[in-house]
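Undergrad: Turn this into a model:
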Amino acid sequence: MSETFGIVSFDFQTMLAHLTQTQAKSWKEASGPSTRCGLDYFYVHLDGREAYINVDQEFVTISVDGEALFSGVPTEDENLKDCVRSSK
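TA: Presented below is the predicted three-dimensional model:
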């Protein structure tokens, strides 16, 4: 039996808001270096904090100013699971 997997999209701004008790609209996309492992995303908060997000398969790591705030599968986290959308 085979399974068809669709496209997964993440709402990183809302994830960051949950993890930092801020508003999603306060996080803006930024550019940054690539780790060449999975996909890398960078965000800057209006107050100057910098966020780094790495997605490798379904595993997501989120750090703000060098402090790891989340490492795992967002769909398994009660606060972050609503920030993940999938389509088949």
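Undergrad: can we go C-alpha only for contacts and neighbour counts from here?
TA: Noted.
Undergrad: List the contacts of stretch 35-48.
TA: The contact list for stretch 35-48, computed with C-alpha atoms under 8 Å, 6 or more residues apart in numbering, reads 26-34, 50-57.
Undergrad: S86 versus the spatially most central residue of the chain, what's the distance?
TA: Centroid-nearest residue in the chain, with C-alpha atoms, centre = their mean: F12, separated by 4.2 Å. Using C-alpha to C-alpha, to the nearest Å, we find F12 at a distance of 14 Å from S86.
Undergrad: Same question for S26.
TA: 25 Å.
Undergrad: what are the ranges of the helices in the chain?
TA: Ranges of helices in the chain, per DSSP state H, are 12-20.
Undergrad: Sketch out the low-pLDDT regions of it for me.
TA: Across the chain, the ranges flagged by pLDDT under 70 are 1-6, 88.
Undergrad: residue boundaries of the strands in it?
TA: Remark: strands assigned in the chain by DSSP state E are 7-10, 27-30, 39-45, 50-56, 59-64, 67-72, 84-87.
Undergrad: For the third one, buried residues please.
TA: So that's strand 39-45. Under the neighbour-count criterion of 16 or more other C-alpha atoms under 10 Å, strand 39-45 has D40, Y41, F42, Y43, V44, H45 buried.
Undergrad: That one versus strand 59-64: what angle between them?
TA: 30 degrees (axes from the mean of the first three to the mean of the last three C-alpha atoms, to 10 degrees).
Undergrad: Let me see the contact set for R49.
TA: V64, D65.
Undergrad: can you list the strands of the chain in CSV and add distance to Q21?
TA: Shown next, in CSV, are these (distance: least, C-alpha to C-alpha, whole Å):
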stretch, distance to Q21
strand 7-10, 18
strand 27-30, 12
strand 39-45, 12
strand 50-56, 14
strand 59-64, 12
strand 67-72, 12
strand 84-87, 18
